[in-house]
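Visitor: sequence and predicted structure below; questions after.
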Amino acid sequence: MRWFEGVRNSFRYAEEGVMYALATQRNMQIHFLLAFLVMIFCLVLDVSRLEVILVFFAIILVVGAELANTAIESLVDLVTEDYHKLAKIAKDTAAAAVLLAALHAVIVGLLVFHDKLWPLQLRTFSKAGVEWYLVAMGPVMIGYFVIRTFITRKRRLNNERRATD
Ligand SMILES: Nc1ncnc2c1ncn2[C@@H]1O[C@H](COP(=O)(O)OP(=O)(O)OP(=O)(O)O)[C@@H](O)[C@H]1O
């Protein structure tokens, strides 16, 4: 039982990390919006299984880099609020990792979608296999995190308002 509780807690903490980044980092909100759009492209356009894998890998890379960037920013702010050369190096290199991942995602996106958007090549749904349902889990997950973040933030704001009244 303890083992399951440990696993459940690690999921909960990871979920809180994503929600924090989504609520506070403008770049993360942009990544989520673009990822949602690109996943819808994967669902409706005639992309192969390998292309879907490449697109999802690019999305995970960007979101992962942004999460690491947020963690490093928070750690640096915890250590010092004063200007420090090493703090600048830590934050700038973390930001560079996000930029690199984002550039990679743009290149993958252009290579995969450029000839499917114009002229429009739609997926034939009779051929859609189990992978279509796996891909559909992507936008559902994004929707879940956005709604959870919105509700949690609203609840927190209401609690804070009640506490100050
Ligand atoms: N304590 C510090 N010492 C030196 N330079 C800093 C410090 N804090 C921030 N900086 C500089 O300011 C830049 C922006 O830092 P900040 O913490 O505001 O990140 P941010 O703009 O919120 O990043 P993001 O948009 O990814 O959240 C850093 O990349 C760094 O160059």
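Guide: Yes, it's here.
Visitor: please make it C-alpha for all contacts and neighbour counts, starting now.
Guide: Will do.
Visitor: name the element L50 belongs to?
Guide: Element membership of L50, judged by DSSP states H and E, is helix 49-79.
Visitor: could you pull out the strands for the chain?
Guide: For the chain, applying DSSP state E gives no strands.
Visitor: how about low-confidence regions in it?
Guide: For the chain, the stretches flagged by pLDDT under 70 are 127-128.
Visitor: spatially central residue in the chain, please.
Guide: V63 (3.9 Å; C-alpha atoms, centre = their mean).
Visitor: mind listing what V130 touches?
Guide: Not one residue lies near V130 by C-alpha atoms under 8 Å, 6 or more residues apart in numbering.
Visitor: and it, how far from L54?
Guide: 17 Å (C-alpha to C-alpha, to the nearest Å).
Visitor: now do the buried residues in the longest helix along the chain.
Guide: Taking DSSP state H as the criterion, the chain has its longest helix at helix 130-164. Buried positions in helix 130-164, judged by neighbour count with 16 or more other C-alpha atoms under 10 Å: 132, 135, 138-139, 142, 145-146, 149, 152.
Visitor: can you check stretch 61-78 too?
Guide: For stretch 61-78, the buried set under the neighbour-count rule, 16+ other C-alpha under 10 Å, comprises 61-70, 72-73, 76.
Visitor: keep only those residues that also lie close to the ligand.
Guide: Within the set of the buried residues of stretch 61-78, contact with the ligand (C-alpha under 6 Å from any ligand atom) is found for E73.
Visitor: domain assignment for this protein?
Guide: 1-117, 130-164 (the TED database).
Visitor: ok so, going back, report the angle between the helix holding L50 and helix 130-164.
Guide: Counting by axes from the mean of the first three to the mean of the last three C-alpha atoms, to 10 degrees, helix 49-79 points 20 degrees away from the direction of helix 130-164.
Visitor: for helix 49-79, name the packing helices and strands.
Guide: Using 3 or more C-alpha pairs under 8 Å, 6 or more residues apart in numbering; DSSP states H and E, the elements in contact with helix 49-79 are helix 2-24, helix 26-44, helix 85-117.
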